[in-house]
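K.L.:
any chance you can model this:
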Amino acid sequence: MATNIFVNIPTADLDRSKAFYEALGYTINPLFTDENAACVVLSDTIYFMVQTREFYATFTDKQIIDPHSQAGASIALSADSREGVDAIVAKGIEAGGNEPRPAQDYGFMYSRDLEDPDGNNLSYLWMAPEAAEKGPEAYMTGQGADVPAQA
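P.N.:
Sure, this is the predicted structure:
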């Protein structure tokens with residue numbers, strides 16, 4: 001069964017958000033974009049609905065957090081290589097994003113966090129294909145290393 005994933009995230013400046021996500025290499029679907037929201041196409045099945053804070057609030061009775069100071073969700077996206085992780089984070093920083101913490105290297109997995117200009121957290125990661133297939137412990141044992149306690 002194919003599933004489409006729509007991740008809704010708030011923004012204080014819709015035009016700035018569209019420019020940021022386009023700088024990362026994603027496209028905007030104009031059929032689902034207006035003055036309230038933009039549909040950012042990550043893949044054939046994954047989309048960000050970047051919505052003005054006012055419009056985002058119409059979908060919930062809960063308080064809308066400030067992603068600069070509160071964690072709501074961390075969205076993890078895979079890359080094909082460590083270099084791919086570094087490249088997209090570099091593009092994001094150049095486009096006005098922020099890297100809130102140092103890269104995390106677990107041997108079998110490498111990740112870097114990128115905050116968009118609104119503070120929404122994106123984690124870009126690469127995982128060794130063997131670790132994804134066999135699990136991190138088996139992969140690291142085969143490499144003659146211990147699995148880090150944080151993993």
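K.L.:
for the rest of this, base every contact and every neighbour count on C-alpha atoms.
P.N.:
Will do.
K.L.:
okay, the lengthiest helix in the chain in PDB with CA atoms only?
P.N.:
Criterion DSSP state H: the longest helix present in the chain is helix 82-94. Once non-C-alpha atoms are left out, helix 82-94 reads as follows in PDB (Å, rounded to 0.1, in the frame of the first residue of the first chain):
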ATOM      1  CA  ARG A  82      27.700  11.500   4.200                       C
ATOM      2  CA  GLU A  83      28.600  14.100   1.500                       C
ATOM      3  CA  GLY A  84      24.900  14.400   0.600                       C
ATOM      4  CA  VAL A  85      24.100  15.200   4.300                       C
ATOM      5  CA  ASP A  86      26.900  17.800   4.300                       C
ATOM      6  CA  ALA A  87      25.800  19.300   1.000                       C
ATOM      7  CA  ILE A  88      22.100  19.800   1.900                       C
ATOM      8  CA  VAL A  89      23.000  21.300   5.300                       C
ATOM      9  CA  ALA A  90      25.400  23.700   3.700                       C
ATOM     10  CA  LYS A  91      22.700  24.800   1.200                       C
ATOM     11  CA  GLY A  92      20.300  25.200   4.200                       C
ATOM     12  CA  ILE A  93      22.700  27.400   6.100                       C
ATOM     13  CA  GLU A  94      23.400  29.500   3.000                       C
END
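K.L.:
continuing past that helix, what's the next helix or strand?
P.N.:
Tracing the chain past helix 82-94, the next element assigned as helix or strand by DSSP states H and E is strand 104-105.
K.L.:
what does the next helix or strand after that following strand contact?
P.N.:
The helix or strand immediately downstream of strand 104-105 is strand 109-115, counting by DSSP H and E. Residues outside strand 109-115 that contact it (CA atoms under 8 Å, 6 or more residues apart in numbering): 82, 85-86, 89, 92-93, 97-105, 121-128.
K.L.:
what's next to the next helix or strand after strand 109-115, contact-wise?
P.N.:
For strand 109-115, the following helix or strand on the C-terminal side (DSSP H and E) is strand 121-127. Strand 121-127 has contacts (CA under 8 Å, 6+ apart) with 67, 73-82, 85, 89, 108-116.
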